[in-house]
Each structure stands twice: as C-alpha cells, then as structure tokens.
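Here's a sequence, model it:
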Amino acid sequence: MAVRRCLHGSIWPLLVILMHVGGHEAARAQPSHPSPESASARFCGAAPDRPLDVRGLALLYCTTQPALTGGLWGAHRSARPVFYGAVPFAWGGAVLTESPAARAAAYRLTLTQGLTYGVVVGAKHVVGRPRPYVHRPLKARADRHRPPAPGDAYLSFPSGHASLSAALVTSWGLSYPRWYVVGPGALWAAGVALSRVHLGVHYPSDVLVGTVLGTGIALLVHQLRRAVTPAPLRASSDLSFGPPLVLRVTF
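Numbers count the residues shown, from 1 in each chain. I've put the predicted structure just below:
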C-alpha cells in the first residue's frame, strides 16, 4: 500500500522540479524587455480596440513579471517529457504494484491520451486557424516555431498542449482523487496551457477550447470505463471513489 501511494503521488514532485529547473534556464535565456524596434514591442503597445481574444494574448505575451514568466517557461519545458512519460509511468506503476485497479487506470490514461491526440489533430486540420505570429507583429518564443514551419503555422485551434495536459490530469485525478494528485496536477496543466499564449503560438480561445476538450474526453472515458476497458484489465473493485463523473478529493 505504501509503495502504491508513493507511485500515485510521485509524478507531481517531478513536475515541480521540471518546472523549477526549466523556469530558471528559460529566464536566463530570454530578454527581460523587448527592444522598441522589435515587432513584439509594437504588438505590446496599447490598443484598446482589439478583440477580446487578442487582448488576452497581449496580456500574457507581453508580461515581464519574472515569477510568472519563469513558471510558464518551466511548465512549457516540462510538457513534452510528461506527455511522453506519463503512460509508461502509469503502466510501470501497475506492473510494480500488481494492482488490477492500477492497470485499469493506466489503460484509461492511455485511451484518453490517444483519443485526445486524434481529436485535436483532426480539429486542427479542419479549422486551419493561423497562429498569432502569422498575421500579427509578434515573434514566437518557442524553438519549434522559429522560424515558423509553413505546415504548422495554421494549426492554432485547438491547443494540443492544453488538451493533452488537461486530459492527463483529469484522467489521473479521477483514478486517484487525492489532494496531492489533483491540486499539483491542475496547477501544472494550467501553467502548460497559459504558457502557449505567453510563447505567442496560441490565442486564449485555443487553450480554453483545448482544455475543455481534453477534460471532456477524460470524463467520457471515465464515464464509460466499464464498456471501454477490456475484461482482463478491469479492476475487481472499481477505483472510481463514487458515482461516474463525480470527483471527490480526499484530504
């Protein structure tokens, strides 16, 4: 039981470490203020007649608060390692604990991440929304978007990072509704989503819809867990801690 609890909660301290280290490294790498001649400086100028989505973009993109920008950069740098490592971590924990409930949770996480990725990629290509840096005077801060790749410049909606982080945290939180799982997980997912706006690669509406999408898919998979989980992977006693779609956090 002690080993199982350690495995359930140990992923979030790792996230905190990744965010802390990544934030310090990024803070040293990024300029403190854009130069007046830069395109980004022109974008950050006052323009009260902008649409709400663009004002939200400017609010996060142009912020220079070290505590906020460092946290957002840390969340950004931790995102891909967590996306790639969460499912193997979940299955590794299931093997170590030999728990049917842990196997079922790992399967739900795998299914949730796979469905979220597929839906997001399909939606991106159907909508074809240009990223903020395509038609606005700002530069993307993410390395992957410098220089902008033509095939990726029109895949802004919805945000894949926001969708996957929300799906991961919701799925894991529904399987293990403990404060040390749900709280740090929600904080990390929010940081990942907001970092996409700060980097200039998504609008606020992109990350909002992505978050709702990822959360909804995780809830749907949890709601239909008995129907979508193969019999060999089902837990003898369902680890849902209450009715479907109800998250009860235990302190």
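
after the top helix by length along the chain comes which helix or strand?
Identified as the longest helix of the chain according to DSSP state H is helix 66-97. Downstream of helix 66-97, the next assigned helix or strand under DSSP states H and E is helix 100-127.

What residues sit buried inside stretch 168-179?
Buried residues in stretch 168-179, counted by 16 or more other C-beta atoms under 10 Å: Leu168, Val169, Thr170, Ser171, Trp172, Gly173, Leu174, Ser175, Tyr176, Pro177. Bear in mind the C-beta positions are built from the backbone N, C-alpha and C, glycine included.

Check stretch 57-73 too.
Quick answer for stretch 57-73 (16+ other C-beta under 10 Å): Leu57, Ala58, Leu60, Tyr61, Cys62, Thr69, Gly70, Gly71, Leu72, Trp73.

For Pro51, state which of those residues is nearest.
Nearest to Pro51 among these is Leu57, at 9.5 Å by C-beta to C-beta.

that's a strand at the closest one, yeah?
No. Using DSSP: H, G, I helix; E, B strand; the rest coil, the assignment for Leu57 is helix, not a strand.

Among the buried residues of stretch 168-179, which lie within helices?
Judged by DSSP H, helices contain the following of the buried residues of stretch 168-179: Leu168, Val169, Thr170, Ser171, Trp172, Gly173, Leu174, Ser175.

just to revisit the earlier point, by contact count, what packs against the longest helix of the chain?
If contacts are counted by 3 or more C-beta pairs under 8 Å, 6 or more residues apart in numbering; DSSP states H and E, helix 66-97 sits against helix 2-9, helix 11-29, helix 100-127, helix 160-175, helix 179-198.

if I've got this straight, Ala153 is in a strand?
No. Per three-state DSSP, Ala153 lies outside any strand segment and is coil.

returning to what we had before: the buried residues of stretch 168-179 into TSV, with extra columns for pLDDT and distance to Arg108?
Output for these, formatted as TSV (pLDDT from 0 to 100; distance: C-beta to C-beta, whole Å):
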residue	pLDDT	distance to Arg108
Leu168	98	11
Val169	98	13
Thr170	98	10
Ser171	97	6
Trp172	96	9
Gly173	97	12
Leu174	96	8
Ser175	94	7
Tyr176	94	11
Pro177	94	14
